[in-house]
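S.K.: The following comprises the amino acid sequence and a computationally predicted model.
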Amino acid sequence: MTKKVSIKDIAKELELSITTVSFVINGKSEEMGISEATSSKVLELIKKRDYSPNNAARLLRTGKSNTIGLIVEDLGNYFFGNIAKVVELEASKRGYNVFLSSTDNNPKTAKALIRKMRNSSVDGMIITPTKDLNQELEDLKNDKIPFVLLDRTVPGLSANAVVLDNFKGAHDLTVHLLNNGYQRIGFVTIHSDMSQMIERERGYWSAMESSNNPSSKELVLKVKFDDSAQSIISSIISFVTKNPSIEALFFATNYLGVHGIEALKQMEKSMPDDLAVVSFDDNDLFRLFTPSITVASQPLRQIGVETIELLLRLVENGIKHESPISKVLEPELIERQSSVQRPLWEIEQTLKKSFNKI
């Protein structure tokens, strides 16, 4: 069995004091006047010898564990999975490890994970909140444990957060469809009181109400977050069948968009000839599918970088008695083949049918 390399072994091999090596490991080289050359030698040897600091000992010594917790809805999801990669990479550059966990949007699971992270003495947390987390988050604030909310906010809670302008993204997608001649736009979303989903639906309604042909409630389908894929597909098929006048479908999340494509395939509906399709948030499938799918794309790398930088600023500089920082990033409308402009004759035919019904 190979003996685990210790800080003493590192110091002896480089003919340095244990204190000097410790300062480098804990990111205090500049503060303690240690040269860049010495720091580089220590860091290179640590990597070469696969040295792993004892977190418990470091915590006692410095009050920091150099670990952070990342609690998201689903690490298997395209959005959260990609952001987790960015957070992990950027944290590693700063000498931090990341504990990754998923809640599956379950409040009970989320509360248990926050307790687990606290018991593990993480230096801070990035949290995608579920409902009913107000008390746990207030406790973190009161105990001065740094945290940043990711993707969504919590009503009534003043906290640091990095979110997207979900209203704008949904509004822009809807206006794009309207401008391309699609008037009867079905909106497919989930039953949710989470801020990002509320804002996406609000953006859809705002754009529709501003048009000359406002939407009605029968053009909105809501499914449950924990419904099976087949159940969601069946619901979409039923929705489209009951509303034959629908000209386009707007899916409020990328996984609903994936299920929507499958539903249209089972119905032998083509895009955009039978129905135009747009989705909130991108996915590799949307780029590669024929026709490719129009989306409101979230800046995943920017979200990840902004979130980890904000958290580490709180961790390393201490929590000040200043107003929480809320960063709102903008999505990008990427126009693809699934929502190209309708031919003029099709629009005229639709208007004629509507006129005949009056």
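M.R.: Noted; the coordinates are in hand. Residues are numbered from 1 along each chain as shown.
S.K.: Which helix or strand in the chain has the lowest average pLDDT?
M.R.: Within the chain, no helix or strand scores below helix 55-62, which has a mean of 48 by mean pLDDT, DSSP states H and E.
S.K.: For residue 341, which non-adjacent residue is closest in space?
M.R.: Counting by C-beta to C-beta, 6 or more residues apart in numbering, residue 180 is the residue found nearest to residue 341 once chain neighbours are left out, at 4.3 Å. Where you see a C-beta, it was placed from the backbone N, CA and C, and this is true even at glycine.
S.K.: Can you point out the buried residues in the helix or strand where residue 308 lies?
M.R.: With secondary structure defined by DSSP states H and E, residue 308 is part of helix 300-317. Residues of helix 300-317 classed as buried under the neighbour-count rule (16 or more other C-beta atoms under 10 Å) are 300, 303-315.
S.K.: any low-confidence regions in the stretch 1-150 of the chain?
M.R.: Within the stretch 1-150 of the chain, the stretches falling below the threshold (pLDDT under 70) are 1-4, 26-27, 51-64.
S.K.: Let me see the ranges of the strands in it.
M.R.: Using DSSP state E, counting those that start in this stretch, the strands of the stretch 1-150 of the chain run over 67-72, 97-102, 124-127, 147-150.
S.K.: Can you dump the C-alpha atoms of the third one in PDB for me?
M.R.: As requested, the backbone C-alpha atoms of strand 124-127 are provided in PDB (Å, rounded to 0.1, in the frame of the first residue of the first chain):
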ATOM      1  CA  GLY A 124     -20.300  28.400   1.100                       C
ATOM      2  CA  MET A 125     -23.200  27.100  -1.100                       C
ATOM      3  CA  ILE A 126     -24.700  27.700  -4.500                       C
ATOM      4  CA  ILE A 127     -28.400  26.700  -4.300                       C
END
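S.K.: Show me what counts as buried in it.
M.R.: For strand 124-127, burial by neighbour count (16+ other C-beta under 10 Å) applies to 124, 125, 126, 127.
S.K.: my guess is the first one meets residue 314, correct?
M.R.: Yes: contact status for residue 124 versus residue 314: in contact at 6.2 Å, counting by C-beta atoms under 8 Å.
S.K.: what touches both of the two?
M.R.: Common contacts of residue 124 and residue 314 (C-beta atoms under 8 Å, 6 or more residues apart in numbering): 146, 148.
S.K.: where along the stretch 251-358 of the chain do the helices fall?
M.R.: Using DSSP state H, counting those that start in this stretch, the helices of the stretch 251-358 of the chain run over 254-266, 284-288, 300-317, 344-357.
S.K.: what's in contact with the helix holding residue 308?
M.R.: Under the contact criterion C-beta under 8 Å, 6+ apart, helix 300-317 has outside partners 64, 68, 79, 82-87, 90-91, 94, 96, 123-126, 146-148, 150-151, 160, 162, 164, 325, 327, 329.
S.K.: which parts of stretch 153-172 are buried?
M.R.: Along stretch 153-172, the positions that meet the burial threshold by neighbour count (16+ other C-beta under 10 Å) are 153-154, 159-172.
S.K.: let me fix that: stretch 235-248
M.R.: 235, 236, 237, 239, 240, 246, 247, 248.
S.K.: Take those residues and lay them out in TSV including distance to residue 9, pLDDT and secondary structure.
M.R.: Listed next are those as TSV, based on distance: C-beta to C-beta, whole Å; pLDDT from 0 to 100; DSSP: H, G, I helix; E, B strand; the rest coil:
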residue	distance to residue 9	pLDDT	secondary structure
235	61	98	helix
236	61	98	helix
237	64	98	helix
239	65	97	helix
240	67	97	helix
246	69	95	coil
247	70	96	coil
248	65	97	strand
